[in-house]
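# got a sequence here, can you model it:
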Amino acid sequence: MQKLGLFLAIALCATGCKKTSEQSGKAAPGKNQAGQAGPPQSSEELKTPLAKIDNVVITLGEFQERVNRQSPYIRARYTSLEQKKEFLDSLVRFEVLAQEAYRRGFDKDPEVIRTMKQVMIQKLMRDEFDSKVTADSVTDAEMKTYYEANIAEYVKPEEVRVSAIILKNKAQAERVLIEAKGDAGKTNKGFRDLVVKYTSDEDTKLRGGDLRYLDEKTTDVPAPVVKGAFGLVNTGDVSAVIDAGNGTFYILKQTGRRKSTTKSFDDAKPQIRNKLFREKRVQAQKDFIEAQRAKAKIEIDEANLAKVRVDTSTTPGADDGHGHDQAPPTPGLPQMPPPPPAVGGSDGQPTP
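Modelled structure (predicted):
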């Protein structure tokens, strides 16, 4: 694992070298690359060598790009010449270790190769989608269509929640009502006990009589029951016996109430934009992967696949085959590894 951690850091450097060298050859107009006031630095100046380790050259531009990649707190440490020497030494140390890793052949290690591929895939997906599929790519028309198609999510009527004792005999219902309005039915638990004891409806008995939240247009229960539910003013109120009109009689207890809510399109836009953006990005990723699969020549030998032996034991410390703890992968997308450890540890020192 030590060689993997070291070479993964090197791999990150290797996959980013081209981008780094391109960036190091450019400077923002009116500012130098350190963000300080002054004339732009020429491309020739940025190519000035600061150090050479065998055949690797660290240029002024690369040094500036690396130091400016640090957090503002870390950057503030490297303003004097001595401090800049300290940072340059960390880059030299990185290259020295990288070259030793190559000399030992770690670049050909299967574990390192797999991890390097994961890093490259991660960079590929960012390069492909970070600028092409953004939240701004979701149009107002798309958001409006979604809002109107899912209006029930944003415009909700008043709802009331009740529990019910359901009986098939009115005289019995009147007798049970006395208990329900007395001490026996005063608490929700007490009312549930009465449901278990008396109700004739097996489905609602399993839920303690709970009919869940109802709005005034619901057809899940008889209309007289809905009217009776909304006639209960306060949580805890118990209704009179209600003739449901189908040979059953209900005694209701209110257990909750929700006021009507309306979220306008303008209020809902940020939430809708994020939802549609995520959906667009996932679909774009799936389409991209399928397009790459279509271009590749893929052969599957199912007979040999059937010979694979899978260890189903729950051994502590199992990993994903790349030296990382297992984590559930995103459906349809390549699994990415966690960020590599910085060379030298995570003690607040700069990362090359």
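# packing partners of the one helix or strand residue 253 maps to?
Using DSSP states H and E, residue 253 falls within strand 249-258. Identification of packing neighbours for strand 249-258 by 3 or more Cβ pairs under 8 Å, 6 or more residues apart in numbering; DSSP states H and E yields strand 159-167, helix 170-181, helix 188-198, strand 210-215, helix 223-230, strand 242-243. The C-beta positions use only the backbone N, C-alpha and C, and glycine is treated the same way.
# so who does the closest residue to residue 174 other than its chain neighbours touch?
Spatial nearest neighbour of residue 174, chain neighbours left out: residue 241 (5.8 Å); criterion: Cβ to Cβ, 6 or more residues apart in numbering. Applying Cβ atoms under 8 Å, 6 or more residues apart in numbering to residue 241 gives the contacts 170, 173-174, 177, 249-251.
# try it again with 6 Å
Residue 241 sits next to 173-174, 177, 249 when contact means Cβ atoms under 6 Å, 6 or more residues apart in numbering.
# please indicate which of these are buried?
Listed as buried from the contacts of residue 241 are 173, 177, 249; burial here means 16 or more other Cβ atoms under 10 Å.
# ok, the nearest residue to residue 268 once chain neighbours are set aside - how many residues close by?
The shortest distance from residue 268 to any non-neighbouring residue, by Cβ to Cβ, 6+ apart, is to residue 154 (5.2 Å). For residue 154, the neighbour count with other Cβ atoms under 10 Å is 17.
# quick check: end-to-end length of stretch 96-116?
The straight-line separation of the ends of stretch 96-116 (Cα to Cα, to the nearest Å) is 20 Å.
# which secondary element of this structure has the worst mean pLDDT?
Least confident helix or strand of the chain, by mean pLDDT, DSSP states H and E, is helix 2-24 with a mean of 47.
# circling back to that earlier point, need the contacts of residue 241 in TSV (columns: pLDDT and distance to residue 106).
Compiled in TSV, these are given as follows (pLDDT from 0 to 100; distance: Cβ to Cβ, whole Å):
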residue	pLDDT	distance to residue 106
173	95	81
174	95	86
177	96	81
249	97	80
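# and residue 141, what element?
Residue-wise, residue 141 maps onto helix 140-149 under DSSP H and E.
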